[in-house]
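# Provided below for reference: sequence and predicted model.
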Amino acid sequence: MEIDKKELDNYITGHNGEDQFKDDPPMLVSELEEQIQAVREARNRFSAEKSSLDAARVVWAEANRSQIELVDSIKVALQAEENKLREMTLATYFWSKNKKPAPGVGIRLVKVFNYDIDTAKSWAVEHNFTNLLDLNAAKFKKAAEGLSLDFVDVEEKPTATIAEDL
C-alpha cells in the first residue's frame, strides 16, 4: 500500500496545520505489533482454509475424473465443429457476398491494418503525432535513471511492505 506524502503530512499535522503528535509518534509500536499479529493470524487462517479447499478440489477432481475427461473431449469436438461451420460460412460468403447466409451465422467485416512499424513510427514523429507512439514505460524508467535526464523527476515514494513469513 502506498501512502501519499501529502496525505501523511495531513494526518500528522491535522487539518488545522498544527502538529498533533508533538511528543508521541502517530501510533505506538505496540499498536503496530498488534496489527502485525492480526495480519499473521489472518494469513494463517487463509493458508489453512486454502489448503483445505485445494485438498477438496483434488478429491473432487479424482472422483469426477471420467466426467471431466468426457467434458474435455466434447469441448475439443465442439471447437472442431465450430471451426468447420466458420469455414463453411466464409466459403458461402466469398461465393455469394451474403453476410447472413443462413440463420444463426453471419459475417462481420473487420478492418485489419498491415504496416511496417518502423515506417509508422517515423511518420508519426515526422508529422508531430508522437501521441500515437507507445512508450515502454518500464524500459524508459530504467534508461532515464541511468541517463539522468533533466526532464525526468525521480522521487522516492515510501511504500509499506509486509513480510511473507510473519
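Sure, I can see it. Residues are numbered from 1 along each chain as shown.

# which residue ranges form the strands in the protein?
For the chain, no strands are identified by DSSP state E.

# for it, what spans make up the helices?
For the chain, the helices defined by DSSP state H cover 5-13, 29-63, 65-96, 117-126, 137-147.

# Now render those as TSV, adding mean neighbour count.
Any C-beta I mention is one placed from the backbone N, CA and C, and that applies to glycine too. Formatted as TSV, the helices of the chain follow (neighbours: other Cβ atoms under 10 Å):
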stretch	mean neighbour count
helix 5-13	11
helix 29-63	11
helix 65-96	11
helix 117-126	11
helix 137-147	11
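
# Minimum distance to E155: which of the ones you listed has it?
In terms of Cβ to Cβ, the element of the helices of the chain nearest to E155 is helix 5-13, at 8.9 Å.

# if you average pLDDT over the closest one, what comes out?
Mean pLDDT, helix 5-13: 60.

# Also stretch 36-49?
Stretch 36-49 shows an average pLDDT of 96 in the prediction.

# when you give positions from now on, start the count at 23
All right, first residue 23 from here; so that's stretch 58-71.

# which secondary element of the chain has the worst mean pLDDT?
helix 27-35 (a mean of 60; mean pLDDT, DSSP states H and E).

# Tell me where the chain is predicted with low confidence.
Along the chain, the parts satisfying pLDDT under 70 run over 23-49, 182.

# let's see it at 90
In the predicted model of the chain, residues 23-54, 132-188 satisfy pLDDT under 90.

# sorry, back to before: quick check: which of the helices of the chain is nearest to V176?
The minimum distance between V176 and the helices of the chain falls on helix 159-169, with 6.4 Å, by Cβ to Cβ.

# circling back: redo the helices of the chain as JSON lines? Include distance to V176.
As requested, those are arranged in JSON lines below (distance: least, Cβ to Cβ, whole Å):
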{"stretch": "helix 27-35", "distance to V176": "15"}
{"stretch": "helix 51-85", "distance to V176": "29"}
{"stretch": "helix 87-118", "distance to V176": "50"}
{"stretch": "helix 139-148", "distance to V176": "26"}
{"stretch": "helix 159-169", "distance to V176": "6"}
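
# L188: which of those is closest?
Smallest distance to L188 across those (Cβ to Cβ): 3.9 Å, for helix 51-85.

# Which secondary structure elements does that closest one sit against?
Using 3 or more Cβ pairs under 8 Å, 6 or more residues apart in numbering; DSSP states H and E, no helix or strand is in contact with helix 51-85.

# quick one on the thing from earlier: for the helices of the chain, which one sits closest to V132?
helix 87-118 (12.5 Å).

# got the end-to-end distance for stretch 121-131?
End-to-end distance of stretch 121-131: 9 Å, with Cα to Cα, to the nearest Å as the criterion.
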